[in-house]
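1. pasting the sequence and the predicted coordinates here, then a few questions.
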Amino acid sequence: MTQFLLVLCGLPASGKSALADAIQVEMDSGVEIVRTDDWRDDKYYTDWKPEKEKPVRQAALEKTRSLVASGKSVIHDDTNYYASMRHELLDVAVENACAFAIVHVTTPLTTALKWNRERENSRIPDSVIKDIFEKFDNPGRRYLWDNAEYEVDMENQDLRTVADEIAQMLEVLEPATKPKPRAVTSTEFERLDTELRLLVSEFLQEHPELRGNREVSIIRRNVLRSASECEIPVKGVSERLLAELNKLL
């Protein structure tokens with residue numbers, strides 16, 4: 001199995017830590033979990049200020065860098081709510097030629113607030129969770145490297161099933177490489193992304209048997225990447241996507 005760095009992102013109290021534990025058990029291969037909560041305690045949130053987060057995140061980043069450099073596969077368990085936070089971790093993966101993947105835990109704000117209030121220990125002020133929700137940079141919104149390989153709402157999911165699917169995904173990932181710069185404008189990129197998502201939706205309506213097939217989203221991302229880097233003509237992007245999707249039939 002290729003060494004990997006798996007980045008979890010999502011709201012506090014959204015189920016990330018339970019998911020990290022389940023993936024670690026499923027992988028059964030000495031996978032390490034780095035949790036930013038290991039540098040926090042109950043007192044940390046009694047007088048919470050944004051500036052208190054920087055040393056915590058830096059400590060977790062350095063521990064992740066050290067583990068990955070030593071050859072360990074790592075699950076980074078944090079909110080990772082800014083693309084810049086996720087990019088720091090991508091750099092670690094690229095530097096060490098290991099696979100990189102983002103899992104976006106999309107559990108809704110209302111559920112995260114409810115679960116947080118039900119915690120016996122380490123409850124977070126509602127205001128902190130709401131603030132992160134307002135600032136959250138959804139993966140893939142601006143950068144291709146930032147696309148989530150897997151999205152999951154933990155409210156109505158079987159934990160073991162999700163962990164198994166993520167473990168299977170990790171087993172086939174290739175080592176990360178430095179992202180190429182986009183050769184199209186941000187406006188053109190967003191238009192292409194919207195167009196391809198619409199085409200995929202229409203394709204799946206015609207071929208419902210392919211719903212849930214990970215190859216569909218992989219093909220969409222690969223075609224979008226090729227178009228944004230001008231490896232295929234922008235005008236021919238729809239035709240390329242449909243041609244690749246039809247190979248799955």
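-> Alright, I've got the coordinates.

2. how long is stretch 114-125 from one end to the other?
-> 12 Å (C-alpha to C-alpha, to the nearest Å).

3. how distant is that stretch from the center of its chain?
-> Relative to its chain's centre, stretch 114-125 lies at 24 Å (C-alpha atoms, centre = their mean, to the nearest Å).

4. for residue 132, what are its contacts?
-> Residue 132 makes contact with 11, 12, 79, 81, according to C-beta atoms under 8 Å, 6 or more residues apart in numbering. In this view, the C-beta of every residue, glycine as well, is placed from N, C-alpha and C.

5. 6 Å instead, please
-> 11, 79, 81 (C-beta atoms under 6 Å, 6 or more residues apart in numbering).

6. tell me the SS of the second one?
-> Here residue 79 is coil, with the state taken from DSSP: H, G, I helix; E, B strand; the rest coil.

7. from residue 8, how far off is it?
-> From residue 79 over to residue 8 the distance is 9 Å, taken as C-beta to C-beta, to the nearest Å.

8. now swap in the last one and tell me
-> As defined by C-beta to C-beta, residue 81 lies at a distance of 11 Å from residue 8.

9. between the two, who's got more neighbours?
-> residue 8 (27 against 21; other C-beta atoms under 10 Å).

10. in a strand, the more buried one, correct?
-> Yes: the assignment for residue 8 by three-state DSSP puts it in a strand.

11. touching, it and residue 101? I think so.
-> No: with contacts counted by C-beta atoms under 6 Å, residue 8 stays clear of residue 101, the gap being 9.9 Å.

12. count of residues packed around the nearest residue to residue 59 once chain neighbours are set aside?
-> Among residues not flanking residue 59 along the chain, residue 39 sits closest, at 5.3 Å (C-beta to C-beta, 6 or more residues apart in numbering). Neighbour count for residue 39, taken as other C-beta under 10 Å: 16.

13. surely residue 39 touches residue 57?
-> No: in this structure, residue 39 is not within contact of residue 57 by C-beta under 6 Å, at 8.7 Å.

14. show me the contacts for residue 175.
-> 97, 98, 99.

15. what subset of those is buried?
-> 98, 99 (16 or more other C-beta atoms under 10 Å).

16. the closest residue in space to residue 153 that isn't next to it in sequence and residue 53, how far apart?
-> Nearest residue to residue 153, sequence neighbours excluded (C-beta to C-beta, 6+ apart): residue 106, at 4.9 Å. Residue 106 sits 22 Å away from residue 53 when distances are taken as C-beta to C-beta.
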